[in-house]
Every structure is written in C-alpha cells, then in structure tokens.
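**Q** Prediction below, plus the sequence it came from.
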Amino acid sequence: VLAGCIAIFSSCLKNDYFERTQTAMGYNIYVSVRKQNVMTLDPFNVAFRLNTLIEEGNGDPNQAPDSIKRLLCTSETTITFDETNGTYTLTYTGSPTEGDSYDKDFVRKGSISIKTNGYPTLGTPSAQWDIDFNTSSTYSIYSNGDEIKLTASSYSINNTGDNTWTVYVSQFVSSVPSISSEGTTVEYKSKWNGSYQISQNNGCQKLSDIQYSIFSINSNNNGTTMYYPIDNMTVSTPTPFLYNPQCSSVVPVGNGKMLIFLADDPNLENYTEAELLGGSEINVCNPKTRISYGGYVTDYLIQ
C-alpha cells in the first residue's frame, strides 16, 4: 500500500549553474539516503500489505478479495502460514503488481518470512512482528533492471500506539552487482541501522482507509548506503515526512525536513538539509525539494 519504487531523479529547477554546482554533493547525498530509506522500508511495506489482506480476509489473507490481492501483491504471490511458530511466508514470482499500482511499485522476487509472535494483526495493541531473512530464500526487489537483494540481522515492527508503528532495523543490507569499466563485477552494499516511526493519520488498516490516509515517517538512522559505501551518515527528520499512498512511497507529499551529517565531518559544518516544499497541499505528489549544503541553497524537482 505504501507503494514502492525507486524514482528517476530529474535535474534541478534553478538555472544558477554556480549555485547548483555548490549544492550538487548535498543533492547526491540526500538522493542516496532517500533511496536507502525506501529500500529499508520495503519489508515493512510487505508486512503492512499482508496485514491489510488479513483484515480484508477476516483473519485469513488468502480469503481477501482477489482484486485486493492483485493490487497488493499480484495474484501469483503465495501466502502460507505455519501455525506452529506463527509465521507467514510470502513468495513472489518476479511479476509486477496489477491495477493502479503497476507503474509505482517494486517488482519483487523470492520469499520473505514474517513471525507474528502470537499477534494476529499489526493493529493489535503492543503487537510485534519480526521479519526473518535467514529462513527464506533470497528476497529481492527490482529497479531499472537491477536486482537489489535485501537482508538484515534483525528487523522488527512494533505497534507503539494508536495507528503508530516503530520499525527497528539492524545491519540492513541492500546490494546490487555492477559491471565495472574493467569488466569485473563489483557488488555495492549498504549497512544501515536505526528506527522509523510510521503513523497513519486516520481510519483502520483496511484498504479503503489506507488508500485515503496520509502517513508520517520519522527516521533516525546511521550507516552507509549502497551508493556511498564509504561515507557513514547520520540521518534524522526534525519534521516528519508525509507520504500519500495515491502517489508512491518514494514521492513525499506535504512537507518534511531531513538532516544528514557525514562521519568524516567532525565539526558538523558540511551537513545536508533537505526540506520538502509541498506545504499544506498534501495531495501534491512531486513537491520541490530544497537542498541546503555548504552555505548554498537550490530547489530541485525529484520525481
């Protein structure tokens, strides 16, 4: 439902070449972190969709209407439940979802296991679901033809209040092989730790409510991304980002602010600040993003 895809990033809006040059590094750092956040939240995305199917199927995701299953995970996706250990396993075939989300969702492949710990839904007070990457075959998402493999040493989703969940991740790794100019294969990997707090502004977790809700996301993370594997980054969102399922999970709407500090900047001088400029128009899918870096400011349109 928080539909996932990695966006193609357009050029900036301003024509000031000098200013654009000065903020280019901050822009690249922000884009890298945003891509990493999208990938790190994909397993939550999968679990949240499963939860919606459980709600729609009155406790059994396989009893949810076929049209909803096609929208959330394709009709070819299989969902099994091991009652002994309370674990769902979703197996994807590499087919894109159908319907309205076709052009703004990841293609997924492989299996992902979700241990419910006895909590029937994520809406259950104090619920904790754990995603286990160690008991399933490789789980991947595809972007621009690249297969991106996802794994983590631990990944938990906790109900921390009314329509609020906190995601805790440890050593979340996204990796993709790339052919170098010398013809050798180089694998780019991330190593990401931290937490995300996700809140749904109204309704329950049935599809009709989720589709017309706005989600706020606070993040506190650190680590390297697969795009900047050398630079350790510390990330926070002093103003939460807002997301609209009618757009896609990589296109924030409304407002929000992200701060990014690099470990090799001990004086915290060259931090990156990214501020979304959608204002109160929460249905805007492509707000301007204002990048502040090194004392310079440029507005970008990131799609």
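**A** Done, it's in.
**Q** Dihedrals phi and psi, Met25?
**A** Dihedral pair for Met25: phi -70, psi -40, per degrees, to the nearest 10.
**Q** cool, and Lys69?
**A** The phi and psi torsions at Lys69 (degrees, to the nearest 10) take the values phi -60, psi -40.
**Q** Use 7 as the first number from now on
**A** Okay, residue one is now 7; in that scheme the one you just asked about reads as Lys75.
**Q** Please tell me I have it right and it contacts Thr83.
**A** Yes: judged on CB atoms under 8 Å, Lys75 makes contact with Thr83 at a distance of 7.5 Å. C-beta: built from backbone N, CA, C; applies to glycine.
**Q** Neighbour count for these two, which is higher?
**A** Set Lys75 next to Thr83 and count neighbours by other CB atoms under 10 Å: Lys75 wins out with 24 against 19.
**Q** That one: what's it in contact with?
**A** With contact taken as CB atoms under 8 Å, 6 or more residues apart in numbering, Lys75 is in contact with Leu59, Pro67, Ser81, Thr83.
**Q** got the contact list for Thr122?
**A** Gly92, Thr93, Tyr94, Ala133, Trp135.
**Q** Out of those residues, give me the one that has the most neighbours.
**A** Using other CB under 10 Å as the neighbour definition, the contacts of Thr122 reach their maximum at Trp135, which records 27 neighbours.
**Q** which residues does Leu268 bridge with?
**A** Beta-bridge pairing of Leu268 under DSSP bridges involves Met239.
**Q** What's the mean pLDDT across stretch 84-100?
**A** When pLDDT is averaged over stretch 84-100, the result is 94.
**Q** quick one: terminal-to-terminal distance for it?
**A** The first and final residues of stretch 84-100 sit 12 Å from each other (CA to CA, to the nearest Å).
**Q** got the buried residues for that stretch?
**A** Within stretch 84-100, the residues that qualify as buried are Ile85, Phe87, Thr93, Tyr94, Thr95, Leu96, Thr97, Tyr98, counting by 16 or more other CB atoms under 10 Å.
**Q** Let me see the contact set for Met45.
**A** Met45 neighbours (CB under 8 Å, 6+ apart): Ile12, Ile147, Ile154, Leu156, Ser180, Ser196.
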